[in-house]
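Chemist: this one's sequence-less:
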């Protein structure tokens with residue numbers, strides 16, 4: 001299993017179809033090969049001499065701070081522990097959803113391989129395992145995202161008092177009553 005553009009296109013679509021968010025950049029994750037000769041979003045092989053595993057990154061502009069908080073919470077709960085948010089001077093709010101699966105290992109210098117072949121095989125295995133976990137976390141994030149973007153269903157008052165509500169559901173309810 002490897003991360004490809006298709007692995008996040010459904011997430012990008014879901015976010016961009018929301019009135020509260022839009023993506024500004026994204027990368028599903030990829031394995032870069034030695035000396036920048038080539039790169040691939042697929043698994044690498046021994047002959048490729050992998051040198052860098054880039055992580056999943058998704059930058060999303062959010063309409064309000066509550067939207068950012070929700071998206072950040074979804075990212076953290078999905079396993080994207082390096083996620084965060086920023087607010088620029090103009091008040092633009094961006095959530096960065098980032099994986100922790102990066103791997104940077106120099107294997108050559110000036111065209112000469114510096115490590116034994118067994119170590120390269122080991123790194124290829126580690127990189128591919130990290131890519132598999134990356135895809136699992138992306139899918140987990142998408143499941144949480146789908147749930148959060150669905151409008152809140154009306155509930156009886158007694159159930160509302162006992163059930164913990166997300167920021168998103170509270171905002172949705174507030175917007176529905178103001179309409």
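Modeler: That came in fine, so what should we check first? Here the structure is a predicted model, which is why all the values come from computation and not from measurement. Residues are numbered from 1 along each chain as shown.

Chemist: which stretches of this structure form strands?
Modeler: Counting by DSSP state E, the chain has strands at residues 21-27, 30-33, 39-40, 50-54, 57-62, 84-87, 93-98, 103-104, 108-109, 112-113.

Chemist: how close does residue 146 sit to residue 128?
Modeler: Residue 146 sits 28 Å away from residue 128, going by Cβ to Cβ, to the nearest Å. Just so you know, the C-beta spots here come from the backbone N, C-alpha and C atoms, and that holds for glycine as well.

Chemist: can you check residue 58 too?
Modeler: 22 Å.

Chemist: which one's more surrounded, these two?
Modeler: Between residue 58 and residue 128, counted using other Cβ atoms under 10 Å, residue 58 has the larger neighbour count: 25 against 19.

Chemist: okay, the closest residue in space to that one that isn't next to it in sequence: pLDDT?
Modeler: Of all residues not flanking residue 58 in the chain, residue 97 sits nearest, at 4.1 Å (Cβ to Cβ, 6 or more residues apart in numbering). For residue 97, the pLDDT comes out at 95.

Chemist: is residue 97 in contact with residue 71, as I believe?
Modeler: Yes - using Cβ atoms under 8 Å as the test, residue 97 is close enough to residue 71 to be in contact (7.3 Å).

Chemist: now the common contact residues for those two.
Modeler: Common neighbours of residue 97 and residue 71, counting by Cβ atoms under 8 Å, 6 or more residues apart in numbering, are residue 60.

Chemist: in the chain, where is pLDDT below threshold?
Modeler: Across the chain, residues meeting the criterion (pLDDT under 70) sit at 1-6, 32-53, 152-179.

Chemist: the longest helix in it is where?
Modeler: Looking across the chain with DSSP state H, the single longest helix is helix 117-149.

Chemist: got the angle for it vs strand 93-98?
Modeler: Going by axes from the mean of the first three to the mean of the last three Cα atoms, to 10 degrees, helix 117-149 is angled at 140 degrees with respect to strand 93-98.

Chemist: packing partners for helix 117-149?
Modeler: Here helix 117-149 touches helix 6-16, strand 50-54, helix 65-77, strand 103-104, going by 3 or more Cβ pairs under 8 Å, 6 or more residues apart in numbering; DSSP states H and E.

Chemist: give the other helices and strands that the third one contacts.
Modeler: Applying 3+ Cβ pairs under 8 Å, 6+ apart, one finds that helix 65-77 contacts strand 57-62, strand 84-87, strand 93-98, helix 117-149, helix 167-178.
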